[in-house]
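*Asks:* Return atomic coordinates for the entry below.
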Amino acid sequence: MRTLENVLYLPHTPARGQPSALFDASRRFVPESVDYRGIGTTPSWQRTDWPEDLPAGVPEAPEETYLFLGGAHLHYGHFLVTTLPRFWPLLAARPPAPVLCYAPVHAAQWEPFRFAVDILARLGLEVREIHAFEEPLRLRRVIVPAPAFQEEAFAHTVFRDLCVAIGADCYAPEEVDAEERPAYLAKTRLSGGVRRFANEDEVTEILAREGVEILHPEGLSFAEQVRLFARRRVLAGSLGSALHTAIFAPPGRRVVALSPGPRINPTFPLVDALCGNAVAYLHQPGTAETDKGAFGSQQRLPDPQAAAEGLLRRMRAMAAEPPRSGPGLLPAAWSRLARRIRR
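*Replies:* Next up is the predicted model:
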């Protein structure tokens, strides 16, 4: 965590094209203020060049000190793994200064993103308390924490602690692993998004006939999703942001994920290790790209029957295993991650 003085806050403008970093008194971007992906040093989405068209006499922000917590990414998965990792200072206490973000300026603009509103409220932070500005401002003093989790790169246990604290009120302790019936999180009702299987409905029809409950995350509140992960002994779904919800549930979840490719984005195993979860990633050879429609990409499974049978076998095997808990749970998860990296 760094404290800096005389810092430039530069909001997003159409002319600049991309959101910006914070800039220090020497006109250098503040590395902790930008987001990275992987182990490189290139920011994943912000511009870090000094704005040459900055008007003279930039006014000062009204507060003496701010706590800068990055950009509010209002896509569910990116909010969890990119925005929330900067909020770890709120785990132990109220913010030491007013919270400043690159975020919607007006509270009403947050309303379509109820998951974000709910998560922040569980940290004792109302969205109306988050400061954001529509014009460049000078910050007399700003506290900038580095993220506790970085996509495809690293994870600190304080991020797990933060997420477990957020999810703690979503379920009762006696509910953990109380429901034997497995559930599958489907994307079949989505009208658009990042990725899905074009013929996933053929898989879910078979799973439903075998007693698996088919659920659609977009129809559940944040609390309902966390409770689902806590209660079910085994959950399955196609690879995507909905599986990140496991980080708010008790450690030791058992999950089966249907992947469109043999390579798994490193962010997913990082979350698994942080949670102490056992996750099986299944990929069907021959899965191919098809017309993407309103999605970033769509894939078609060559044999939905075999894919469903593979999911069922793995779910039943996981359900038969004893509950996973105790002090060795997290070290074992990190060992699994290390073995995956070595492969």
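*Asks:* how about the helices in the stretch 1-150 of the chain?
*Replies:* Assigned by DSSP state H, counting those that start in this stretch, the helices in the stretch 1-150 of the chain fall at 76-78, 114-121.
*Asks:* which outside residues touch the first one?
*Replies:* Translated: helix 76-78. 115, 194, 240-242, 244 (CB atoms under 8 Å, 6 or more residues apart in numbering). In this view, the C-beta of every residue, glycine as well, is placed from N, C-alpha and C.
*Asks:* Taking the centroid of the protein, which residue is nearest it?
*Replies:* Most central in the chain under CA atoms, centre = their mean is Leu80, positioned 2.5 Å from the mean C-alpha point.
*Asks:* Do I have it right that it meets His244?
*Replies:* Yes: Leu80 is within contact range of His244, at 4.9 Å (criterion: CB atoms under 8 Å).
*Asks:* Which of the helices of the stretch 1-150 of the chain sits closest to Pro95?
*Replies:* The closest of those to Pro95 is helix 114-121. By CB to CB, the value is 11.4 Å.
*Asks:* What's the mean pLDDT across stretch 279-287?
*Replies:* In this model, stretch 279-287 has a mean pLDDT of 97.
*Asks:* Can you report how many residues neighbour Ala319?
*Replies:* Counted with other CB atoms under 10 Å, the neighbours of Ala319 add up to 15.
*Asks:* Make sure it is indeed in a helix.
*Replies:* Yes: Ala319 forms part of a helix when assessed by DSSP: H, G, I helix; E, B strand; the rest coil.
*Asks:* if I look at Leu80 and His244, which residues touch both of them?
*Replies:* With CB under 8 Å, 6+ apart as the test, Leu80 and His244 reach no residue in common.
*Asks:* How much space separates the residue lying closest to Arg122 once chain neighbours are set aside from Gln225?
*Replies:* Nearest-residue entry for Arg122: Ile166, 4.7 Å, with adjacent residues in sequence omitted and distances by CB to CB, 6 or more residues apart in numbering. Distance, Ile166 to Gln225, by CB to CB, to the nearest Å: 12 Å.
*Asks:* Identify the residues contacting Glu63.
*Replies:* 97-98, 131.
*Asks:* nearest to His156, of those?
*Replies:* Distance to His156, by CB to CB, is smallest for Ala97 among those, at 22.0 Å.
*Asks:* all strands of the stretch 151-300 of the chain, in order?
*Replies:* Taking DSSP state E, counting those that start in this stretch to define them, one finds strands in the stretch 151-300 of the chain at 154-155, 183-185, 193-197, 213-215, 235-238, 254-259, 278-283, 288-290, 295-300.
*Asks:* The shortest one - what's its average pLDDT?
*Replies:* Here strand 154-155 scores 95 as its mean pLDDT.
*Asks:* And the contacts of it?
*Replies:* Applying CB under 8 Å, 6+ apart, the contact partners of strand 154-155 are 148-149, 270-271, 273-274.
*Asks:* residue contacts, Thr34?
*Replies:* If you look again at residue 34, you'll see it is Val, not Thr. Counting by CB under 8 Å, 6+ apart, Val34 makes contact with 21, 43-44, 46, 48.
*Asks:* Top of the residues you listed by number of neighbours, please.
*Replies:* Ala21 (24 neighbours).
*Asks:* Distance of the residue nearest to it when sequence neighbours are not counted relative to His12?
*Replies:* Leaving aside its chain neighbours, Ala21 sits nearest to Phe29 (3.8 Å; criterion: CB to CB, 6+ apart). Look at Phe29 and His12: by CB to CB, they are 15 Å apart.
*Asks:* Equivalent analysis for Gln284, please.
*Replies:* Per CB to CB, Gln284 is found 41 Å from His12.
*Asks:* so who does the closest residue to Pro323 other than its chain neighbours touch?
*Replies:* Leaving out its chain neighbours, the residue that sits closest to Pro323 by CB to CB, 6+ apart is Asp177, at 5.7 Å. Counting by CB under 8 Å, 6+ apart, Asp177 makes contact with 231-233, 323.
*Asks:* If we use 10 Å, what do you get?
*Replies:* By CB atoms under 10 Å, 6 or more residues apart in numbering, the contact set of Asp177 is 230-234, 250, 252-254, 319, 323-325.
*Asks:* Could you find which two of those are furthest from each other?
*Replies:* Pro250 and Ala319 (16.7 Å).
*Asks:* Output the below-cut-off pLDDT ranges for this protein.
*Replies:* Within the chain, the stretches with pLDDT under 70 are 324-343.
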